[in-house]
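Participant: Take a look and give me a structure for this.
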Amino acid sequence: MKFRIFWIDDSQTWVKSIEEEVIETFKAVSFEPVVSYYQEAELARIPILTTYADLILVDCNLPKDTRGEVFIKSLRQSRCFAHVLFYSQDAGNLTALQADKHFLHVSPRDSIVNTCNEVAEQAFRKYKHPAFMRGLLLSEFIDLENIMEDLIVQCFKSEGEYFRKSVLYKGGESYSLSTKQQFISRLIKEAAAINPQISTAINAVNFTGTQFSEKILKRRNILAHAHPEYQDQAGSIILKSSISDVDFNWDWFHETRESIHKFKNMIREIINLNLHQIVNP
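Facilitator: Residues are numbered from 1 along each chain as shown. Predicted coordinates for the structure are as follows:
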């Protein structure tokens, strides 16, 4: 079970001195930790937002007068809700993120290994619980849909926010996730037909309705119609789908989450192409 960690600390000597112990805490509960190290917060921002993080380890005091809590708050505003372990030598700094109630852990620097033990055990219990994973992925699907709405609103220029509030927010099934995907596919097709020079950039994004239907729509519907089921003999909870026979194992959850973030990045790239300037100059 992969567990993606982003570790941000300017003191790489200190990180190296304890990284083996930290990594071992996650291996001990059967995670496969994949750790990315950064000495500056801003260098970590794009990798965190364009993939996904299971845990962000971040020091309070970072280079270039960056405060760890300020960086985390900015990630939250960009819809990143990973677990965070915020640490510092100064106990006073550990109150800086008390208002953040979303998967936040604080620790003195010299207690980080013990805190990682607690984080690893808590995360493993959650990730093994099918109802938690269902909720996590459904929230990721919602975030993808929000980014798709940003692209659609972009096409309406000055009327964009009016369109969002009067149509998207009130459209119900008339503006379903499938309809939004179809809108984007038409936008791409029309932009390429009007301006063939943009085709290379569009092809590089590689957004296809077929892949979206298979990797996103189908799996979102499977999860939306799934329900927890208690097994008396095994004494465990499993997830059962009402519309498809699916083995909701870690590989299925991981692959689905990877696909969601893949399409998030595609939509962001399409937004940056400003196709609305071609189809609606």
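Participant: what residues are up against the spatially most central residue of the chain?
Facilitator: Centroid-nearest residue in the chain, with Cα atoms, centre = their mean: Y52, separated by 4.4 Å. Taking Cβ atoms under 8 Å, 6 or more residues apart in numbering as the contact definition, Y52 lies against 4, 82, 140, 257, 261. In this view, the C-beta of every residue, glycine as well, is placed from N, C-alpha and C.
Participant: where does the stretch 151-281 of the chain dip in pLDDT?
Facilitator: 170-174, 230-237 (pLDDT under 70).
Participant: quick one, helices of it?
Facilitator: Per DSSP state H, counting those that start in this stretch, the stretch 151-281 of the chain carries helices over the ranges 160-163, 177-194, 199-205, 209-212, 218-224, 250-273, 276-279.
Participant: which residues in the stretch 1-150 of the chain form helices?
Facilitator: Remark: helices assigned in the stretch 1-150 of the chain by DSSP H, counting those that start in this stretch are 12-27, 41-50, 68-77, 112-127, 130-154.
Participant: export the ones you listed to a markdown table and tack on mean neighbour count and distance to H105?
Facilitator: Formatted as a markdown table, the helices of the stretch 1-150 of the chain follow (neighbours: other Cβ atoms under 10 Å; distance: least, Cβ to Cβ, whole Å):
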| stretch | mean neighbour count | distance to H105 |
| --- | --- | --- |
| helix 12-27 | 15 | 12 |
| helix 41-50 | 16 | 17 |
| helix 68-77 | 18 | 12 |
| helix 112-127 | 18 | 6 |
| helix 130-154 | 17 | 17 |
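Participant: quick one, which of those is nearest to S244?
Facilitator: Of all those, helix 130-154 sits nearest to S244, with 13.9 Å by Cβ to Cβ.
Participant: chain center to the closest one: distance?
Facilitator: Per Cα atoms, centre = their mean, to the nearest Å, the displacement of helix 130-154 from the mean C-alpha position of its chain is 9 Å.
Participant: got it, and stretch 263-280?
Facilitator: 20 Å.
Participant: ok so, going back, tabulate the helices of the stretch 151-281 of the chain (JSON lines), appending mean neighbour count and distance to F71.
Facilitator: Shown next, in JSON lines, are the helices of the stretch 151-281 of the chain (neighbours: other Cβ under 10 Å; distance: least, Cβ to Cβ, whole Å):
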{"stretch": "helix 160-163", "mean neighbour count": "14", "distance to F71": "29"}
{"stretch": "helix 177-194", "mean neighbour count": "17", "distance to F71": "31"}
{"stretch": "helix 199-205", "mean neighbour count": "13", "distance to F71": "29"}
{"stretch": "helix 209-212", "mean neighbour count": "15", "distance to F71": "32"}
{"stretch": "helix 218-224", "mean neighbour count": "17", "distance to F71": "31"}
{"stretch": "helix 250-273", "mean neighbour count": "17", "distance to F71": "20"}
{"stretch": "helix 276-279", "mean neighbour count": "16", "distance to F71": "32"}
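Participant: list the contacts for R109?
Facilitator: 14, 59, 87-89.
Participant: Check A201 too.
Facilitator: Contacts of A201 (Cβ under 8 Å, 6+ apart): L273.
Participant: residue contacts, R219?
Facilitator: Per Cβ under 8 Å, 6+ apart, neighbours of R219: 256, 259.
Participant: so how far is E140 from it?
Facilitator: Per Cβ to Cβ, to the nearest Å, R219 is found 11 Å from E140.
Participant: do I198 as well
Facilitator: 29 Å.
Participant: can you check V279 too?
Facilitator: Between V279 and E140 the computed distance is 29 Å (Cβ to Cβ).
Participant: which other residues reach stretch 41-51?
Facilitator: Here stretch 41-51 makes contact (Cβ under 8 Å, 6+ apart) with 4, 6, 8, 36, 38, 56, 58, 62, 64, 66, 68, 71, 74-75, 78, 80, 82, 261, 264-265, 268.
Participant: rewinding a little: redo the helices of the stretch 151-281 of the chain as TSV? Include distance to K27.
Facilitator: Shown next, in TSV, are the helices of the stretch 151-281 of the chain (distance: least, Cβ to Cβ, whole Å):
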stretch	distance to K27
helix 160-163	48
helix 177-194	37
helix 199-205	37
helix 209-212	34
helix 218-224	29
helix 250-273	15
helix 276-279	48
